[in-house]
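**Student:** sequence first, predicted coordinates after that:
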Amino acid sequence: MNDSFLLDGETIPFSPGQTVMQAAAAAGKYIPHLCWHPDFAPHGSCRLCIVRIGGRYATACTVGAARGQVVENRSEAIDAERRTLLQLLFVEGNHFCPSCEKSGDCVLQATAYEMGMLTPHFDHFYPDRPLDASHPEVLLEFNRCILCELCVRASRDVDRKNVFALAGRGLRSHLIVNSESGRLADTDFAATDRAAAVCPVGAILKKRVGFAMPIGKRTYDPRPIGKSHEPGTREDE
Amino acid sequence: MSFELETASATPGKLRRVAIDPVSRVEGHGKVTILLDEHGKVQQVRLHIVEFRGFERFVQGRPYWELPVMVQRLCGICPVSHHLAASKALDLIVGADRLTPTADKMRRLMHYGQILQSHALHFFHLSSPDLLLGFDSEVTKRNIAGVVEKYPEIAKKGILLRKYGQELIRLTAGKRVHGTGSVPGGVNRSLTAAERRLLLDDAARTIAWSGDAVGLIRELHAQDPALYDHFGAFPSNFMGMVAADGSLDLYHGALRAKDADGNILFDQVDYRTYDALITEEVKPWTYMKFPYLSSLGPERGWYKVGPLARVQNCDRIPTPLAEHARREFLAHGAGRPMHGALGNHWARMIEMLFAAETIEALLHDEALEGSELVVAGERRREGVGVIEAPRGTLFHHYQVGDDDLVTMANLIVATTHNNQAMNAAVREVAKKYLDGRAITEGLLNRIEVAIRAYDPCLSCATHALGQMPLEVALLDAEGNELDCKYRA
């Protein structure tokens, strides 16, 4: 096979223009990620998809696939780095999986299980982030936002509404809503928008349907995210 | 107001203080303090709940559909009770006035599975070491492992009874502990035919073993009636839920209360009016409130809930073996209500038998395999849900704003209802066993036995987490600590 590279020793075919992540996903191989989604332009911000190519680190969602590449993905050393990134995300927000309706469907939770994260390790920030329940059909739970910007991209590129954006810098970065009041109810956001169904965590939720899916039938109940054929695409099913 | 021995009348500086802190084989953290005067006579006894209560506050501002999953984290022993009480309150909020047959039966199966496992745990794992091995037996062996060693058949049945209850919960709620099966307006799952058959396979054995457990506690009463009938005994009112025909129903019904002589105080009261029935008194020395029947006032209005109250509060039990056992129990009281703390265990095993019979009957119902799981109707802002949890009547009351967020929560759990009863039981035991005697492990354990007869779940009442150890401190007449015993 001419256009192929090695991912953890396995041959992965690719088409011209594909990234390492796209080629791996097409081949059913899992590279951990949070902000990448097959329907949107790569963002490269969560850093979970970091791999080593020829001894150098690169984000698999942004680096192009090339013939003869040797890509190291699921080594213990790289997974340890990913675990640390996940721990940082968990302590920066308020992620209480036991009472979260996204539990079992959450990419953050599933990835943390996959990476073997057993404790948060760092001190919790316990930020004070009030909910926005103003919209009649959709709840914004800012405590769980991981700043992946998938909703920003979906609202801008698919819905053509620009409802969401990130504001602030560094630790003060946060999701905002594009209305004078800052409330979702005062935008033209609709529950049928693509942005309403793209959140990988429990930050954007359809109201009044939480826990309708029984334990055992949630996305990651039958198989962990690392074994998912198309990881991270549950929201499109 | 203050009850006898609640507050010492003598000068505090002249009293010696004994504190049992923490209380063991009970979930949560409890502490008992006993003040003795210069002659070693008990002047004051208090059961303190020293954990902080927080759930009612931090569920405010959360979306209402999270409640059944969130509030069950109050407890690891009977989370299903909170799961279902919250769901029942939310049924009213989403306008689900009548659930589908599948949802109603799935919830009942979950609840009676919970009653079965929790009563088995309470009796066999937590209390039988005291009853079978003796209050004064070696403390290192006075536990379920000690029971396994000396009475392996009894221990095996207790452990497997609990396991069966846990399996019922797993198949109705999704997990053995902290599942998600009940949602506002119904349930999110039903049983498959294979699951129903699997559970039916062990139903008859469960009834037989529950019957054996009733026989065991009845025999213990017969062997030492002086102890079993009078230990921690004191008259009080009873309160609990009964069905419309007055029979025992632990999932749904209306409130009934009787006085200490068995006369009905009120009957068939809609539980949604609970706040007109009950007042909660706050005392400065404990985080746990003291509820009482408003019509009778704090002095005469306090009451017991739980198995002892329920079995004597109902007119009958609607399953044959448990009803027969109830009649035997009443006959033992010779026409008078039984008030001894250890009577709770006998009544508990009768209820376990009732749960086992109810479970078998439910499992024969094909509605458990139905597909209509949830209903909804006109949205309301307020809902009250009540269920008879293993330890007694459990109230969940919520208000929800138009934005779907919780604005108010009030929970009254069984332990809180029994707060005054447990204090009274501890005072009775302290008066009888501690006056002028040396402080021994066995004496301290009698205090714990009295608490444990009502409740292994003190954390529930303050909505805190953790295990319940027991600490006892002894103070001299000047208030200085002379001795302190800590049992983890």
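**Tutor:** In hand now; what should we look at? Numbering: from 1, shown residues only, chains lettered A, B, ... in the order given.
**Student:** just the helices in the stretch 101-250 of chain B please.
**Tutor:** Under the criterion DSSP state H, counting those that start in this stretch, helices of the stretch 101-250 of chain B are mapped to B:101-120, B:128-133, B:144-150, B:152-173, B:193-201, B:203-223, B:225-230.
**Student:** please apply the same query to chain A.
**Tutor:** Counting by DSSP state H, chain A has helices at residues A:20-26, A:76-92, A:107-114, A:150-153.
**Student:** counting by contacts, list what the last one packs against.
**Tutor:** In other words, helix A:150-153. strand A:164-167 (3 or more CB pairs under 8 Å, 6 or more residues apart in numbering or on different chains; DSSP states H and E). Glycine gets a C-beta too; all of them are placed from N, C-alpha and C.
**Student:** can you give me how far the strand it packs on is from the chain middle?
**Tutor:** Strand A:164-167 sits 16 Å away from the centroid of its parent chain (CA atoms, centre = their mean, to the nearest Å).
**Student:** one more: stretch B:232-249?
**Tutor:** 13 Å.
**Student:** for stretch B:128-148, same thing?
**Tutor:** In terms of CA atoms, centre = their mean, the centre of stretch B:128-148 is found 22 Å from the chain centre.
**Student:** and the gap between B:Asp229 and A:Arg83?
**Tutor:** Using CB to CB, to the nearest Å, one obtains 60 Å as the distance from B:Asp229 to A:Arg83.
**Student:** which ones are touching B:Met408?
**Tutor:** Counting by CB atoms under 8 Å, 6 or more residues apart in numbering or on different chains, B:Met408 makes contact with B:60, B:397-399.
**Student:** equivalent analysis for A:Arg74, please.
**Tutor:** Residues in contact with A:Arg74 (CB under 8 Å, 6+ apart) are A:8, A:30.
**Student:** swap the cut-off to 7 Å and go again
**Tutor:** Counting by CB atoms under 7 Å, 6 or more residues apart in numbering or on different chains, A:Arg74 makes contact with A:Asp8.
**Student:** mind checking pLDDT for it?
**Tutor:** pLDDT for A:Arg74: 97.
**Student:** how about A:Ile146?
**Tutor:** Per-residue pLDDT puts A:Ile146 at 97.
**Student:** hmm, A:Leu89 and it touching each other?
**Tutor:** Yes: using CB atoms under 7 Å, A:Ile146 makes contact with A:Leu89 at a distance of 5.3 Å.
**Student:** returning to what we had before: compare neighbour counts for B:Asp229 and A:Arg83 and give me the winner.
**Tutor:** A:Arg83 (20 against 16; other CB atoms under 10 Å in any protein chain shown).
**Student:** next, work out how far apart the nearest residue to that one once chain neighbours are set aside and chain B are.
**Tutor:** Excluding the flanking residues, the one nearest A:Arg83 by CB to CB, 6 or more residues apart in numbering or on different chains is A:Met115, at 4.6 Å. Separation of A:Met115 from chain B (CB to the nearest CB, to the nearest Å): 23 Å.
**Student:** centroid residue for the chain?
**Tutor:** Picking chain A for this. Central residue of chain A (CA atoms, centre = their mean): A:Leu34, 2.5 Å from the mean position.
**Student:** wrong one, chain B
**Tutor:** B:Arg391 (1.2 Å).
**Student:** number of residues surrounding A:Arg67?
**Tutor:** Residues lying near A:Arg67 (other CB under 10 Å) number 10.
**Student:** distance of it from A:Val20?
**Tutor:** Taking CB to CB as the measure, A:Arg67 falls 12 Å from A:Val20.
**Student:** may I have the phi/psi pair for whatever residue of the stretch 251-400 of chain B ends up closest to chain A?
**Tutor:** Going by CB to the nearest CB, chain A is nearest to B:Val374 of the stretch 251-400 of chain B, at 7.6 Å. The phi/psi pair for B:Val374 (degrees, to the nearest 10) reads phi -130, psi 140.
**Student:** could you find the closest non-adjacent residue to it?
**Tutor:** Nearest non-adjacent residue to B:Val374, counting by CB to CB, 6+ apart: B:Gly186, 3.7 Å away.
**Student:** CSV please, covering the helices of chain A and showing distance to B:Ala155.
**Tutor:** Shown next, in CSV, are the helices of chain A (distance: least, CB to CB, whole Å):
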stretch, distance to B:Ala155
helix A:20-26, 53
helix A:76-92, 41
helix A:107-114, 36
helix A:150-153, 54
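**Student:** lowest confidence element among the helices and strands of chain B?
**Tutor:** Between all helices and strands in chain B, the lowest mean by mean pLDDT, DSSP states H and E belongs to helix B:458-462, at a mean of 44.
**Student:** what sits against the residue of chain A found nearest chain B?
**Tutor:** Nearest residue of chain A to chain B (CB to the nearest CB) works out as A:Ile215 at 3.0 Å. A:Ile215 makes contacts with A:104, A:221, B:174-175, B:179-180, as judged by CB under 7 Å, 6+ apart.
**Student:** list only those of the residues you listed flagged as buried.
**Tutor:** The neighbour-count test (16 or more other CB atoms under 10 Å in any protein chain shown) marks A:104, B:174, B:179-180 as buried among the contacts of A:Ile215.
**Student:** tell me the one of these nearest B:Tyr303?
**Tutor:** Comparing the buried ones among the contacts of A:Ile215 against B:Tyr303 with CB to CB places B:Gly179 closest, at 31.5 Å.
**Student:** quickly list the domain ranges of chain A.
**Tutor:** Listed domain ranges for chain A are A:4-74, A:94-223 (source: automatic domain parsing).
**Student:** B:Ile387 is in what secondary structure piece?
**Tutor:** When elements are assigned from DSSP states H and E, B:Ile387 belongs to strand B:382-389.
**Student:** packing partners of the following helix or strand past that strand?
**Tutor:** Per DSSP H and E, the first helix or strand lying C-terminal to strand B:382-389 is strand B:392-400. Contacts defined by 3 or more CB pairs under 7 Å, 6 or more residues apart in numbering or on different chains; DSSP states H and E place strand B:392-400 against helix B:79-93, strand B:237-242, strand B:382-389, strand B:406-412, helix B:414-417.
**Student:** are there helices or strands packed against the last one, and which ones?
**Tutor:** In terms of contacts (3+ CB pairs under 7 Å, 6+ apart), helix B:414-417 is packed against strand B:392-400, helix B:458-462.
**Student:** paired strands for the first one, with orientation please.
**Tutor:** Translated: strand B:392-400. strand B:382-389 (antiparallel), strand B:406-412 (antiparallel) (DSSP bridges).
**Student:** how many neighbouring residues does residue 182 have?
**Tutor:** All of this is about chain A. Neighbour count for A:Gly182, taken as other CB under 10 Å: 12.
**Student:** hm, I was asking about chain B
**Tutor:** Look at B:Ser182: counted by other CB under 10 Å, it has 30 neighbours.
**Student:** quick one: residues contacting the single nearest residue of the stretch 151-300 of chain B relative to chain A.
**Tutor:** Closest approach between the stretch 151-300 of chain B and chain A, counting by CB to the nearest CB: B:Gly174, at 3.0 Å. Each residue near B:Gly174 by CB under 7 Å, 6+ apart is listed here: A:214-216, B:180-181, B:189.
**Student:** spatially, which residue comes closest to it, not counting chain neighbours?
**Tutor:** A:Ile215 (3.0 Å).
**Student:** in TSV: the domains of chain A, plus distance to B:His364.
**Tutor:** What follows is the domains of chain A, written out as TSV (distance: least, CB to CB, whole Å):
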stretch	distance to B:His364
domain A:4-74	46
domain A:94-223	23
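**Student:** for B:His111, which of these is the nearest?
**Tutor:** domain A:94-223 (17.5 Å).
**Student:** circling back to that earlier point, please name the residues that touch the residue of the stretch 251-400 of chain B closest to chain A.
**Tutor:** B:103, B:183, B:185-186.
**Student:** of those, select the buried ones using a PyMOL command.
**Tutor:** Per 16+ other CB under 10 Å, the buried members of the contacts of B:Val374 correspond to this PyMOL selection:
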select buried, chain B and resi 103+183+185+186
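**Student:** what two of the contacts of B:Val374 have the greatest distance between them?
**Tutor:** Greatest spacing in these, by CB to CB: B:Ala103 and B:Val183 (9.0 Å).
**Student:** tell me who's in contact with the closest residue to B:Ala96 other than its chain neighbours.
**Tutor:** Take B:Ala96 and drop its neighbours on the chain: the residue closest to it by CB to CB, 6+ apart is B:Gly185, 3.7 Å away. Going by CB under 7 Å, 6+ apart, B:Gly185 touches B:91, B:94, B:96, B:374-376.
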